[in-house]
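Undergrad: Any chance you can model this:
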Amino acid sequence: MLEDIGHLLVHANTLSKAKQITTFIYRHTLLINMIRKFANSYDLIRAGVTRFATSYLTLSRMHELKMILRSMFVSEEWLNSPFAKKSDGKKVENLGGDAKFWDAIVFCLKSVIPLVKVLRLVDGDAKSAMGYTFEAMDRAKEKIAKNFDDVSSRYKEYGR
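TA: Residues are numbered from 1 along each chain as shown. So this is what the prediction gives:
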């Protein structure tokens, strides 16, 4: 289900941009240390039950650390680093400052976090009853609708 949602245009673009940022940072030890310093030792990447859950949990973490990431990209430490002068670094810096990117993250999270919670429930060590799983899916659908102010045209793609 998350894989299918991940192929929707806004999700695919947003996940791709987030991956560019995380890949760039995690390829360079200096940048890993810099983000950890700014984020009080938090990491950008969060592990999940599946590869797609991990992608969305990472989006969630990026959203939590939005101001920290943006602060890092305007800090003296960043500006004095060799990465700020390279084209890849400038591209990542621009993504971090792009309001549309952050809005897209919020949109994506509104549509999938309720489903990720259900996935965690059914993947847990304790086996839940089928009825409880159906109830959790119903609640997830209701939460998605509520996240989009019950305007069905905004979330109908997720109801398949």
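Undergrad: how about residue 80, phi and psi?
TA: Main-chain dihedrals, residue 80, degrees, to the nearest 10: phi -90, psi -10.
Undergrad: tally of neighbours for it?
TA: A count of neighbours around residue 80, defined by other CB atoms under 10 Å, yields 10. Placement of C-beta: from N, CA and C, glycine included.
Undergrad: and if you look at residue 23?
TA: 12.
Undergrad: ok, now residue 106?
TA: Residue 106: 14 neighbours (other CB under 10 Å).
Undergrad: and the gap between residue 157 and residue 114?
TA: Going from residue 157 to residue 114 by CB to CB, to the nearest Å gives 15 Å.
Undergrad: Same question for residue 76.
TA: Residue 76 is 40 Å from residue 114, by CB to CB.
Undergrad: Neighbour count: the two, which is higher?
TA: Comparing residue 76 with residue 114 by other CB under 10 Å, the one with more neighbours is residue 114, at 22 against 7.
Undergrad: Let me know the helix or strand that the more buried one is in.
TA: Taking DSSP states H and E as the criterion, residue 114 maps to helix 99-123.
Undergrad: now for that helix, which elements pack on it?
TA: Helix 99-123 makes packing contacts with helix 2-6, helix 9-26, helix 51-64, helix 130-147 when contacts are defined by 3 or more CB pairs under 8 Å, 6 or more residues apart in numbering; DSSP states H and E.
Undergrad: Mean pLDDT for those helices - can I get that in JSON lines?
TA: Converted to JSON lines, the helices and strands packed on helix 99-123 look like this (pLDDT from 0 to 100):
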{"stretch": "helix 2-6", "mean pLDDT": "86"}
{"stretch": "helix 9-26", "mean pLDDT": "94"}
{"stretch": "helix 51-64", "mean pLDDT": "86"}
{"stretch": "helix 130-147", "mean pLDDT": "81"}
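Undergrad: Tell me which of those lies nearest to residue 89.
TA: Ranking the helices and strands packed on helix 99-123 by proximity to residue 89 (CB to CB) places helix 9-26 first, at 7.3 Å.
Undergrad: I figured residue 69 hits residue 97, correct?
TA: No: the criterion here is CB atoms under 8 Å, and residue 69 misses it with residue 97 at 9.3 Å.
Undergrad: More neighbours: those two, which one.
TA: Ranked by neighbour count (other CB under 10 Å), residue 69 and residue 97 place residue 69 first, with 23 against 13.
Undergrad: tell me the centre residue of this protein?
TA: In the chain, the residue lying closest to the centroid (CA atoms, centre = their mean) is residue 59, at 0.9 Å.
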